[in-house]
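Participant: no sequence for this one, just the structure:
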């Protein structure tokens with residue numbers, strides 16, 4: 001086991017690049033956006049699923065926004081009204097599948113959509129439970145055959161009240177099954193983690209609870225919705241299964257949390273074979289709140305979340321649950337942890353936010369190698385974008401895509417930021433071959449001198465919203481710019497040289 005690493009002063013870790021591009025949705029004086037989910041397909045097209053609240057005409061909406069790999073807005077669609085939940089995934093083959101809910105009919109139906117990358121709607125389907133009451137989706141997942149699966153909860157007859165739910169749809173959007181589950185002694189259920197295996201079985205994990213306690217469950221259903229086996233574990237006072245994965249070799253791994261004392265949650269893992277025989281269980285002693293989990297090719301389980309009250313936490317567990325390494329970033333302020341992305345080389349990218357100068361919350365992105373060594377971050381704390389929600393995704397070429405939503409500092413900030421970083425994931429950061437930009441002075445109040453170690457053919461300056469504020473052709477080794485007309489803030493300088501394109505952050509002060 002490698003020693004635990006405590007990271008302090010992340011601003012000393014240099015970033016190698018500014019974004020290759022930044023795009024945005026403009027701020028709306030009468031509306032606020034929350035990021036529900038963010039996905040990138042193999043070609044680098046990115047999709048943001050947003051909850052929009054208009055307080056002038058009180059209404060909730062879910063919007064889907066698509067960008068191509070160059071940052072061009074491709075299309076935008078408005079989905080259900082009256083909801084603030086949803087999940088999205090890229091299905092095998094490249095379609096976008098997503099599920100949300102609406103309270104405009106029957107007090108809340110689950111609505112599932114399948115879009116082609118072009119923006120055309122392939123199909124949509126509505127699920128209304130037996131009680132015409134609140135039905136809520138949590139996760140959506142697609143298999144290689146074109147089927148779509150949704151996890152969630154559905155209201156059931158008293159005295160049971162609420163059941164965990166898994167729904168299956170055919171490639172044409174026809175409902176294959178809708179299976180509800182609870183325990184008579186623990187009649188309130190919800191289905192969270194969702195996956196499938198190559199043999200057509202679907203796996204669901206979540207919790208079943210009463211007023212005093214809850215237990216973690218995992219079940220397997222076939223494509224008719226028939227439950228093949230189920231396990232439940234009362235691991236503490238309250239337990240929830242959050243993630244379920246098919247491990248290399250075909251075993252099933254459930255990862256969740258359970259508490260033994262009030263608000264003292266510990267990570268719990270359970271492994272089963274396909275037939276439902278439990279192979280092992282594991283309880284981690286430290287208080288961990290889970291935000292995301294990724295499984296490596298060798299069965300290593302990478303975990304991202306919070307350690308204790310607010311410390312950021314990233315760790316790697318061997319298939320036998322041995323702690324290989326863990327990184328704890330101590331914090332004296334409130335931290336939000338959101339998303340974990342893993343490259344083919346098992347480099348890890350995390351998205352989080354932390355309480356900066358009140359009321360501002362700053363969005364933060366980190367890169368680590370598969371030994372937990374920090375390699376990169378998206379800038380010194382003073383330049384981080386003031387957004388509360390963040391997500392990270394990778395395309396097949398190893399480029400990093402980041403989404404920020406919910407500005408927390410100024411109402412004029414864009415409602416959504418989407419940006420692309422061209423990181424060479426297979427090459428250690430100190431050997432990345434790219435133009436090396438130098439900006440002097442930086443920060444600046446008026447003028448700067450820009451060099452790149454070679455001839456600069458074109459130079460562009462963009463603001464945080466992605467708007468071009470200056471562009472010129474150069475064909476010189478050095479460019480001098482007068483920036484006295486720019487407002488204070490953070491900008492990106494993008495240069496084109498014979499070796500390629502790169503960028504660097506620029507801060508203008510007054």
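Facilitator: Good, I have the coordinates. On a predicted model such as this, the values are computed, not experimentally measured, just so you know.
Participant: In a helix, residue 19, correct?
Facilitator: No. Using DSSP: H, G, I helix; E, B strand; the rest coil, the secondary structure at residue 19 is coil, not a helix.
Participant: How about it, nearest residue that isn't a chain neighbour?
Facilitator: Spatial nearest neighbour of residue 19, chain neighbours left out: residue 419 (3.9 Å); criterion: Cβ to Cβ, 6 or more residues apart in numbering. All C-beta atoms are positioned from the backbone trio N, CA, C, and that covers glycine.
Participant: any idea how far residue 307 is from the one you found?
Facilitator: 28 Å (Cβ to Cβ, to the nearest Å).
Participant: tell me the contacts of residue 498?
Facilitator: Contact analysis of residue 498 by Cβ atoms under 8 Å, 6 or more residues apart in numbering lists 454-455, 457.
Participant: Check residue 21 too.
Facilitator: 70-71, 419-420, 462, 466, 494.
Participant: And the next helix or strand past the helix or strand encompassing residue 111?
Facilitator: Element membership of residue 111 [criterion: DSSP states H and E] is strand 109-115. Where DSSP H and E defines the elements, the next helix or strand beyond strand 109-115 is strand 121-127.
Participant: The helix or strand following that following strand versus strand 121-127: what angle between them?
Facilitator: Counting by DSSP H and E, the element after strand 121-127 in chain order, helix or strand, is strand 135-142. On the basis of axes from the mean of the first three to the mean of the last three Cα atoms, to 10 degrees, strand 135-142 is oriented at 140 degrees to strand 121-127.
Participant: Which other helices and strands does the helix or strand just after strand 135-142 contact?
Facilitator: The helix or strand immediately downstream of strand 135-142 is strand 148-155, counting by DSSP H and E. The contact analysis (3 or more Cβ pairs under 8 Å, 6 or more residues apart in numbering; DSSP states H and E) places strand 148-155 against strand 96-102, strand 109-115, strand 135-142, strand 162-169, strand 188-196, strand 202-209.
Participant: how about a cut-off of 6 Å?
Facilitator: Packed against strand 148-155 by the contact rule (3 or more Cβ pairs under 6 Å, 6 or more residues apart in numbering; DSSP states H and E) you find strand 135-142, strand 162-169, strand 188-196.
Participant: Can you lay out those strands as TSV showing distance to residue 226, mean neighbour count and mean pLDDT?
Facilitator: As requested, the helices and strands packed on strand 148-155 are exported to TSV (distance: least, Cβ to Cβ, whole Å; neighbours: other Cβ atoms under 10 Å; pLDDT from 0 to 100):
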stretch	distance to residue 226	mean neighbour count	mean pLDDT
strand 135-142	19	24	95
strand 162-169	11	26	94
strand 188-196	15	23	92
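Participant: Would you mind giving those strands as CSV with distance to residue 256 added?
Facilitator: As requested, those are exported to CSV (distance: least, Cβ to Cβ, whole Å):
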stretch, distance to residue 256
strand 135-142, 13
strand 162-169, 13
strand 188-196, 8
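Participant: excluding its backbone neighbours, what's nearest residue 368?
Facilitator: In space, and not counting its chain neighbours, residue 368 is closest to residue 348: 4.6 Å by Cβ to Cβ, 6+ apart.
Participant: tell me the contacts of that neighbour?
Facilitator: 302, 342, 368 (Cβ atoms under 6 Å, 6 or more residues apart in numbering).
Participant: ok, so what distance separates the closest residue to residue 506 other than its chain neighbours from residue 509?
Facilitator: Closest residue to residue 506 apart from its sequence neighbours, by Cβ to Cβ, 6+ apart: residue 491 at 4.6 Å. Per Cβ to Cβ, residue 491 is found 12 Å from residue 509.
Participant: Compare the two and say which is more crowded by neighbours.
Facilitator: More crowded of residue 491 and residue 509, by other Cβ atoms under 10 Å: residue 491, with 20 against 9.
Participant: what residues are up against that one?
Facilitator: Residue 491 touches 461, 463, 506, counting by Cβ under 6 Å, 6+ apart.
Participant: Which residue in these has the weakest pLDDT?
Facilitator: In terms of pLDDT, residue 463 ranks lowest among the contacts of residue 491, with 74.
Participant: Given the one helix or strand residue 253 maps to, what are its sheet partners and their directions?
Facilitator: Using DSSP H and E, residue 253 sits within strand 252-261. The partner list of strand 252-261 in its sheet, established with DSSP bridges, is strand 238-246 (antiparallel), strand 264-272 (antiparallel).
Participant: Quickly, which of these bottoms out on average pLDDT?
Facilitator: Taking the mean pLDDT of those, strand 264-272 comes last: a mean of 90.
Participant: That one: how far from the chain's middle?
Facilitator: 21 Å (Cα atoms, centre = their mean, to the nearest Å).
Participant: buried ones in that strand?
Facilitator: In terms of neighbour count (16 or more other Cβ atoms under 10 Å), strand 264-272 has its buried residues at 265-272.
Participant: got the angle between the strand holding residue 253 and strand 202-209?
Facilitator: Using the same axes, to 10 degrees: strand 252-261 against strand 202-209 is 10 degrees.
Participant: can you list the weak-confidence ranges in the stretch 351-500 of the chain?
Facilitator: Residues of the stretch 351-500 of the chain that meet the criterion pLDDT under 70 lie in 358-359, 380-382, 409-411, 423-435, 464-467, 500.
Participant: Could you pull out the strands in it for me?
Facilitator: Assigned by DSSP state E, counting those that start in this stretch, the stretch 351-500 of the chain shows strands spanning 361-368, 374-377, 387-394, 400-407, 416-421, 438-440, 447-463, 468-482, 489-497, 500-508.
Participant: Of all these, which one is nearest residue 151?
Facilitator: Residue 151 lies closest to strand 387-394 among those, at 19.5 Å (Cβ to Cβ).
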